[in-house]
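Asker: Show me how the following folds:
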Amino acid sequence: MQVRSLLLLLALILVAAAAEAGKNKKEKTKKDGSKCEDWRWGPCVPNSKDCGLGYREGTCKDESKKLKCKIPCNWKKKFGADCKYKFESWGGCSAQTGLKTRSGILKKALYNAQCEETVYVTKPCSSKIKSKSKGQ
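Answerer: Model (predicted):
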């Protein structure tokens, strides 16, 4: 009988310890102690040149903080790295300008970025002629 009581007590201690460890883990994963909900974030500013690792500054009432961010080096500089667009297929080549055009519709604006709803991009037409012959 004493062995059962001892085992039961040991099991209760282990359960209590596991619950306490889980509670501490949740507290550690919380990002910060801020209770502010209306953060205003600035653009990602790269540490050097115009792409790569950098920081984004945010303010909320009297608080401010910096977050690490990254600007891909192939981003569309005209639109900003925080504006994400869904682009349609490239149009045909214009004989007058020698350019192809396509449009993109805003999919997501990160960090309250001011983004255009629709954007247009162009690129030079390819001088290569693609053939669709298989195995000849």
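Asker: excluding its backbone neighbours, what's nearest Tyr111?
Answerer: Trp41 (3.6 Å; CB to CB, 6 or more residues apart in numbering). To be clear about C-beta, it is placed using only N, CA and C from the backbone, and glycine gets the same treatment.
Asker: and the one you found, what pLDDT?
Answerer: Predicted confidence (pLDDT) at Trp41: the value is 88.
Asker: Phi first, then psi, for it.
Answerer: phi -110, psi 140 (degrees, to the nearest 10).
Asker: change the start of the numbering to 53 and stick with it
Answerer: Okay, using 53 as the starting number, the last item reads as Trp93.
Asker: distance of it from Lys160?
Answerer: 14 Å (CB to CB, to the nearest Å).
Asker: Between these two, which is the more surrounded one?
Answerer: Trp93 (18 against 11; other CB atoms under 10 Å).
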